[in-house]
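Engineer: 3D, please:
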Amino acid sequence: MEKIQIKDDFIKLGQLLKLSNLVESGAMAKDVIEAGEVKYNGETEYRRGKKVYPGDVVEFNGESVTVVNEN
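Structural biologist: Below is the predicted model:
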């Protein structure tokens with residue numbers, strides 16, 4: 001499982017997918033989220049603006065990433 005460090009309290013789901021290189025663009029992030037292909041803490045998530053906090057796990061295309069705080 002890949003760990004993604006963030007400086008702020010949270011990151012939006014679409015931004016996380018781009019930052020972790022799971023998708024190539026924001027448009028692709030929007031498409032895969034709206035298609036129900038992304039899981040947030042084990043549940044399908046349809047909102048790209050969903051706030052993802054340290055400790056949360058996001059899954060897409062057989063890969064998982066977890067968010068950790070940089071501090």
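Engineer: Quick one: the helices in this protein, in order.
Structural biologist: Under the criterion DSSP state H, helices of the chain are mapped to 13-19, 26-34.
Engineer: And the longest one, what does it pack against?
Structural biologist: When contacts are defined as 3 or more C-beta pairs under 8 Å, 6 or more residues apart in numbering; DSSP states H and E, helix 26-34 packs onto helix 13-19. Where you see a C-beta, it was placed from the backbone N, CA and C, and this is true even at glycine.
Engineer: how far is the helix it packs on from where the chain is centred?
Structural biologist: Centroid separation between helix 13-19 and its chain, computed with C-alpha atoms, centre = their mean, to the nearest Å, is 5 Å.
Engineer: again, but for stretch 47-64
Structural biologist: Chain-centre distance of stretch 47-64: 3 Å, with C-alpha atoms, centre = their mean.
Engineer: Show residues contacting that stretch.
Structural biologist: Stretch 47-64 has contacts (C-beta atoms under 8 Å, 6 or more residues apart in numbering) with 1-2, 6, 9-14, 16-17, 20, 22-23, 29-30, 32-34, 37-42, 65-69.
Engineer: Only whichever of those residues are buried, select them in ChimeraX.
Structural biologist: With 16 or more other C-beta atoms under 10 Å as the criterion, this ChimeraX line picks the buried residues out of the contacts of stretch 47-64:
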select :6,10,11,13,14,16,17,20,22,23,29,32,33,38,40,65,67
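Engineer: about what we covered before: possible to save the helices of the chain as a markdown table with distance to residue 48 and mean pLDDT?
Structural biologist: Putting the helices of the chain into a markdown table (distance: least, C-beta to C-beta, whole Å; pLDDT from 0 to 100) gives the following:
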| stretch | distance to residue 48 | mean pLDDT |
| --- | --- | --- |
| helix 13-19 | 4 | 96 |
| helix 26-34 | 5 | 95 |
